[in-house]
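Peer 1: next come a sequence and a model predicted from it.
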Amino acid sequence: MDRRTFLIHFGGLAAAPALSSLLTGCASPVREALAPPPGFDWRTLAAVQAHLLPSESSAPGAREIHAEAYLRGVLADPKLAPADRAFLIDGVESIGKLARGMTGKHFVELSHDEREAVLRGFGEMPEGERWLEEMLGYLMEALLGDPVYGGNPDGVGWQWLAHNPGFPRPPADKRYFLL
Amino acid sequence: MRDEFDICVIGGGAGGGVAAFALAQAGYDVVILEKGPWLTEKDFYKDEIACCRRRTYVPDLKDEPHVIETREEDDQPWRARPTPGSGWDFWNGNCVGGSSNFMSGFFHRLKPVDFQLRSSFGPIEGANVVDWPISYDDLEPYYAKVEREVGVSGRIVPHPQLEPRSTPDFPYPPTREHPIAGLIDASCKKLGYHSIPTARAILSQPAMGRGSCSYNGYCGSYGCATGAKGGARAALIDRAVAGGRCEVRAHSMVARLVSDRTGKVSAAEYFDKNGVRRRVTARVYVVACQAIETARLLLRSTGPRHPQGLANGSGQVGRNLLFAAGGAGSGRLSYRKFGESLHEFGTFVNRALLDWYVIDDPEFGPRQKGGTIDFVHAHPAPIARATSQLRRGGRLVWGAELKRNLEAHFREGRDVKIEAFCDWLPHDDCYVTLDPRVKDKWGLPVARVRVDFHPHNLQVGWYLAEKGARVLKELGAEDVVSFAVGSPPTNLQAGGCRFGKDPKTSVLDPDCRAHEAENLFVTDGSFMPTAGSAPYTFTIYANAFRVADRIKAQLGGSRA
């Protein structure tokens, strides 16, 4: 599977449903090499994203902007440097360990205040603040990037912030990794 | 595949595009060797992920690094770092049309004084300031030609710094203006300043087979989907190709220029898309790879008469590299205070001040060169704006606090920015060499760039930015700040192959022909010994048209 096919598979499921349904059965050595390791704690990742950008009745949060799916696409991008991919993955693992160390519980079981304490504590660890800033940057991409990349469904982020995205907007076959 | 041409242009950006267009139009067969892809309007969308978050239009730094030399203080040792992971990236628009695809198109001409800095103001200690070997009058007809051929929109108004012109006005009316322009005009009038409309290389009406600006609110950093922006591909190369005498070879990385025993260039060797080494020959070779890469190509193109690199007998290739110095600032205009008309989207601020292009202010010092102040919208790119809200007082914020910050930033007002340009003084610690160890994906030595700045840049930058801030304060903006920085803006490069009359102190002659290789010309910004106080593309275009005329004369005149 080449890079183009790979990214259609992972990065654009929302934008290319027909293609994705054709490809979901494909075993891919590239996918195995790039995907987080088996047992990666997606639940903690999603809970961290939801804490950093919470859902509110009047404003979308990580769940509404499809932040987890968006990050799956980011992690599957072959142009993401291996060190950067490892950094993102290791950060989730570190937060999980810190949560257990501080509270004895899994991150997803923590109250809002406990999650806040864990993430503030993580931010004081070496590289912790850089990880959080990077994750917030990807959340802003999922919030305000073009929906063709899998976040910001129906422009929900643009609508919330009264932002005009301009035109023309990118079609699926002109996403950056296909140029 | 054809391998003989009249003209071989290396680099399909602003300088190369003009040379290809003008010489193909004159009846010469031209090939452009461009290392990047050939993207067109059909590839350009308002896609911040593509343009700015993943940097789609520049090489991967792992494949094509530079090595950057900096130091913390004057008494500290220089520290060299490859660009991957360093925060530095000196690539700009690697594709046909080059970085001009992604410019904002602020087209200020240089002024007569820019051609005579040394004789007008004297030397500055630690700076290698010299006069140009040509005058404004030599370049003026070519500025007019650019306005016509590339398509410049604007409106001439009288003001004290207006340069002499051979035409009464721009060939295209100004692009539509945002209400902020009127606020700036009123503020400047109260202060006794002369605000002027900024000319833009953007078509305000369809012309030359290109569309008009669509006023979609995104311009700089983004490719233009209508062809209105006067980048080299849309404005020039497409026309050259349509004329049948210009071939574009994209994905063609020139490894070196081969020279013979007489010193003349005899071939260009390049790697094609598949990594196959190929060669073309031509009567004249035009190099225009942007300043750093032009110097790098010449330095690695050694030959029997060029043991230190092509045209580098003087040792001047790569020296006196220039960027754009200056200051910046911003102010906040709230919708509550200024009304709903500020919501207008897509039109331009297009205002500039040239009152201090020469600073004659005893409180600041002796009469000296100043610069240009532009007022522009803060870029609408939403992800960049959102990430600018991630910190308060240096502290990372998230959760509801971040969301309220985003709401306030996006929904309660808009920012207007100050961009002040002054001369980046040429000096001994800003130059390009070849790195002795690091190589790119083709196995070619990469450029090693020392990027120190002269402290005088900062003084002038602060002065200009503060003048801009006064305008914003006068009009009632909130949170007005202004500042200057010493770091080079990596998208504004010039110098490194300065032109001059003396072969011992310059690389190029006044026609931008290499002193040491009669069939080698340079048409990007490398020729500039000083670079003026405005973005460079307009002057690069104008000079390239001038040089194209010299090439035509050398080859026997127009064949068309």
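Peer 2: Received, thanks.
Peer 1: number of nearby residues for residue B:396?
Peer 2: The local packing of residue B:396 (other Cβ atoms under 10 Å in any protein chain shown) involves 18 other residues. Backbone N, C-alpha and C define where each C-beta goes, glycine included.
Peer 1: that one reaches residue A:123, doesn't it?
Peer 2: Yes. With contact defined as Cβ atoms under 8 Å, residue B:396 counts as touching residue A:123 (6.4 Å).
Peer 1: spit out the residues that contact these two alike.
Peer 2: Contact criterion Cβ atoms under 8 Å, 6 or more residues apart in numbering or on different chains; residues shared by residue B:396 and residue A:123: A:129, A:132.
Peer 1: check the burial of the closest residue to residue B:60 other than its chain neighbours by counting its neighbours.
Peer 2: Nearest residue to residue B:60 in three dimensions, chain neighbours excluded: residue A:79, at 6.9 Å (Cβ to Cβ, 6 or more residues apart in numbering or on different chains). Close neighbours of residue A:79, defined as other Cβ under 10 Å, add up to 14.
Peer 1: element containing residue A:79, please.
Peer 2: Under DSSP states H and E, no helix or strand contains residue A:79.
Peer 1: and if you look at residue B:433?
Peer 2: Going by DSSP H and E, residue B:433 is in strand B:430-439.
Peer 1: and that strand, what other elements does it pack with?
Peer 2: helix B:291-300, strand B:321-322, strand B:445-451 (3 or more Cβ pairs under 8 Å, 6 or more residues apart in numbering or on different chains; DSSP states H and E).
Peer 1: which of the residues in the helix ranked longest in chain A are buried?
Peer 2: Identified as the longest helix of chain A according to DSSP state H is helix A:82-103. Of the residues in helix A:82-103, A:85, A:88, A:89, A:91, A:92, A:94, A:95, A:96, A:98, A:99, A:103 count as buried by neighbour count, 16 or more other Cβ atoms under 10 Å in any protein chain shown.
Peer 1: pLDDT on it, on average?
Peer 2: Regarding helix A:82-103, the rounded mean pLDDT is 95.
Peer 1: helices or strands up against that helix?
Peer 2: helix A:42-52, helix A:67-75, helix A:112-123, helix A:128-144.
Peer 1: if you set the cut-off to 7 Å instead, what comes out?
Peer 2: helix A:42-52, helix A:112-123 (3 or more Cβ pairs under 7 Å, 6 or more residues apart in numbering or on different chains; DSSP states H and E).
Peer 1: what about chain A, any weak spots by pLDDT?
Peer 2: A:1-34 (pLDDT under 70).
Peer 1: can you give me the end-to-end distance of stretch B:186-196?
Peer 2: 12 Å (Cα to Cα, to the nearest Å).
Peer 1: neighbouring contacts of it?
Peer 2: B:157, B:159-160, B:184-185, B:351-355, B:470-471, B:474-475 (Cβ atoms under 7 Å, 6 or more residues apart in numbering or on different chains).
Peer 1: in helices, which of those residues fall?
Peer 2: If you go by DSSP H, those have B:184, B:185, B:470, B:471, B:474 in helices.
Peer 1: make a markdown table out of the residues you listed and add distance to residue B:198.
Peer 2: Formatted as a markdown table, the ones in helices among the contacts of stretch B:186-196 follow (distance: Cβ to Cβ, whole Å):
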| residue | distance to residue B:198 |
| --- | --- |
| B:184 | 11 |
| B:185 | 12 |
| B:470 | 19 |
| B:471 | 14 |
| B:474 | 19 |
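Peer 1: among these, who's most crowded?
Peer 2: Of all the ones in helices among the contacts of stretch B:186-196, the most densely surrounded is residue B:471 (27 neighbours; neighbours counted as other Cβ under 10 Å).
Peer 1: which stretch among the helices and strands packed on helix A:82-103 comes nearest residue B:549?
Peer 2: Of all these, helix A:42-52 sits nearest to residue B:549, with 59.3 Å by Cβ to Cβ.
Peer 1: can you give the distance of that closest one from its chain's centre?
Peer 2: The chain centre lies 9 Å from the centre of helix A:42-52; the measure is Cα atoms, centre = their mean, to the nearest Å.
Peer 1: other SSEs contacting it?
Peer 2: In terms of contacts (3+ Cβ pairs under 7 Å, 6+ apart), helix A:42-52 is packed against helix A:67-75, helix A:82-103, helix A:128-144.
Peer 1: contacts for it, please.
Peer 2: For helix A:42-52, contacts defined as Cβ under 7 Å, 6+ apart pick out A:61-63, A:67-68, A:71, A:92, A:95-96, A:107-108, A:115, A:119, A:135-136, A:139, B:398-399.
Peer 1: again, only this time at 8 Å
Peer 2: In contact with helix A:42-52 (Cβ under 8 Å, 6+ apart) are residues A:36, A:61-63, A:67-68, A:71, A:92, A:95-96, A:99, A:106-108, A:112, A:115-116, A:119, A:132, A:135-136, A:139, B:398-399, B:402.
Peer 1: excluding chain neighbours, what is closest to residue 106?
Peer 2: No chain in the question, so chain A it is. According to Cβ to Cβ, 6+ apart, the nearest residue to residue A:106 is residue A:99 (6.7 Å).
Peer 1: actually it's chain B I care about, not the one you picked
Peer 2: According to Cβ to Cβ, 6+ apart, the nearest residue to residue B:106 is residue B:535 (5.2 Å).
Peer 1: isn't residue A:119 right next to residue A:96, touching?
Peer 2: No. Counting by Cβ under 8 Å, residue A:119 stays clear of residue A:96, with 12.0 Å between them.
Peer 1: which residues sit in contact with the residue nearest the centre of chain A?
Peer 2: Centre of chain A computed as the mean C-alpha position; nearest residue by Cα atoms, centre = their mean is residue A:71, 2.0 Å away. Residues in contact with residue A:71 (Cβ under 8 Å, 6+ apart) are A:45, A:49, A:88, A:138, A:142.
Peer 1: and the third one, what does it touch?
Peer 2: Under the criterion of Cβ under 8 Å, 6+ apart, the contact partners of residue A:88 comprise A:71, A:74, A:75, A:131, A:134, A:135.
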